[in-house]
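Novice: Sequence plus the predicted model coming up.
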Amino acid sequence: MEGRSTMKRFVWLLLGLPIILSACGVDSTETYEIGLVYEGGVIEDKDYRGILEPGSTANPIGLGSSVYRYRTDQRTYIACDEGCDTGPIEIVSRDGVRMIVYYQLYFKLNLDEATLRAFHENLGVKTAAWTDEGWRQLLFEYFAPQIERAMEDAARTRDWRALRSDEVARTEFRNETVANLKRNVSEVIGRDYFCGPAYDGPGTECGEFTFTIGTPVPVNEAIVQAVEAEQTAVAETVAQEQRNVRIAKELEIERALVDLYGPQGALLRDAIESGRVQLMVVPEGADVAVPVPAPPAG
């Protein structure tokens, strides 16, 4: 009887274990997320308690505490026409042409505990950035305006043709935009909350986030068509110049044949090329026997 009673108590203990753990407050994180724990509830003051490392399982967090989870993997902010985080940016070149630009931003959150906590308390809570919708809203509010301003500043010093067709000018435009963006983000946010795609957590180099820019395209379709027509005309001009060179060379050859064979030089050349006439080189003073073709049969 005593053994059976002990077994019952053990079973009840196992059944009650989740309730006990729940009452104590436990939580977990996925391998791709980190949690910020804040105490709070009926028996505790609201205060920062610590972090839940990625892949944590059944960690005690305190009764009534909250966990705010942020992704630790690479994040993106991409501009395109449909299905992306935002639409392309419209810029105006130095010579007054409106152009649209597509871009891609790649980065990771800085997972240093103090930095991540400051990010959450200064920015995250304003948009509920630990949620998908709140995260998109945060990027829209803090990144999109700075990207647009950075591109506009870089475009004002360059003509639209250079932005569209000159590889050197496009590279300079991209580099200046990136520099402007980093300065703008630093001015608005004030701390290094974001690292580069290669960042691998505390103890590794944070690095710079990656920002790529597509080729600016004029908004006005007529300008694009005019450029294509211009390029076609340039190509035709080059082709005509090549034809002219070939014709001039042929005329030069014709004149050389006339000088060598007389007025019928061109006809003689055609006969030689067709095989109707055989050309033989005879050394000076040598005897030559010219074969007589056999008469046609019949």
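Specialist: Structure's in. What do you need?
Novice: May I have the distance across stretch 35-49, first residue to last?
Specialist: 11 Å (Cα to Cα, to the nearest Å).
Novice: For Phe194, which non-adjacent residue is spatially closest?
Specialist: Among residues not flanking Phe194 along the chain, Phe107 sits closest, at 4.6 Å (Cβ to Cβ, 6 or more residues apart in numbering). (Glycine included, C-beta is placed from N, CA and C.)
Novice: The one you found touches Gln74, doesn't it?
Specialist: Yes: here Phe107 lies in contact with Gln74, judged by Cβ atoms under 8 Å, at a distance of 7.4 Å.
Novice: More neighbours: those two, which one.
Specialist: Per other Cβ atoms under 10 Å, whichever of Phe107 and Gln74 has more neighbours is Phe107, with 22 against 14.
Novice: May I have the secondary structure class of that one?
Specialist: Following DSSP: H, G, I helix; E, B strand; the rest coil, Phe107 is assigned to strand.
Novice: Tell me how far it lies from Asn59.
Specialist: The gap separating Phe107 from Asn59 is 28 Å, by Cβ to Cβ, to the nearest Å.
Novice: now Tyr38
Specialist: Applying Cβ to Cβ to Tyr38 and Asn59 gives a distance of 14 Å.
Novice: now Leu111
Specialist: 17 Å.
Novice: Find residues that contact each of Phe107 and Gln74.
Specialist: Common neighbours of Phe107 and Gln74, using Cβ atoms under 8 Å, 6 or more residues apart in numbering, are Pro197.
Novice: I'd like the next helix or strand past the strand or helix carrying Pro145.
Specialist: Assigned by DSSP states H and E, Pro145 belongs to helix 144-155. Past helix 144-155, further along toward the C-terminus, the next helix or strand under DSSP H and E is helix 160-165.
Novice: mind showing which ranges of the protein have poor pLDDT?
Specialist: Applying pLDDT under 70 to the chain flags residues 1-25, 40-46, 58, 224-240, 250, 253-254, 256-298.
Novice: go with 80
Specialist: 1-26, 40-46, 58-64, 190-191, 221-298 (pLDDT under 80).
Novice: for the stretch 51-200 of the chain, what spans make up the strands?
Specialist: 59-60, 66-71, 75-79, 89-92, 98-101, 103-109, 194-195 (DSSP state E, counting those that start in this stretch).
Novice: Report the residue ranges of every domain in this protein.
Specialist: Listed by automatic domain parsing, the domain ranges of the chain are 22-71, 74-219, 226-274.
Novice: For stretch 83-97, measure first residue to last.
Specialist: 27 Å.
Novice: likewise stretch 194-206?
Specialist: 8 Å.
Novice: Use 819 as the first number from now on
Specialist: Yes, from this point I'll number from 819; that puts the last item at stretch 1012-1024.
Novice: can you list the residues that contact it?
Specialist: By Cβ under 8 Å, 6+ apart, stretch 1012-1024 touches 890, 892, 924-931, 1003, 1010, 1025-1028.
Novice: Hmm, Glu994 is touching Ala972, no?
Specialist: Yes: the pair Glu994 / Ala972 is scored as a contact, 4.1 Å apart, by Cβ under 8 Å.
Novice: So the two - more neighbours on which side?
Specialist: Applying other Cβ under 10 Å to Glu994 and Ala972 shows that Ala972 carries more neighbours, namely 22 against 17.
Novice: what's the more buried one in contact with, if anything?
Specialist: 991, 994-995, 998.
Novice: ok, which stretches of the stretch 919-1068 of the chain are helices?
Specialist: 931-937, 943-945, 950-960, 962-973, 978-983, 985-1007, 1039-1079 (DSSP state H, counting those that start in this stretch).
Novice: Go through those and name the closest to Ala897.
Specialist: Counting by Cβ to Cβ, Ala897 lies closest to helix 962-973 out of the helices of the stretch 919-1068 of the chain; the figure is 8.1 Å.
Novice: May I see the buried residues of that closest one?
Specialist: 962, 964-969, 971-973 (16 or more other Cβ atoms under 10 Å).
Novice: Kindly indicate which of the residues you listed lies nearest Asp865.
Specialist: Among the buried residues of helix 962-973, Gln964 lies closest to Asp865 (Cβ to Cβ), at 32.5 Å.
Novice: Done for today, thanks.
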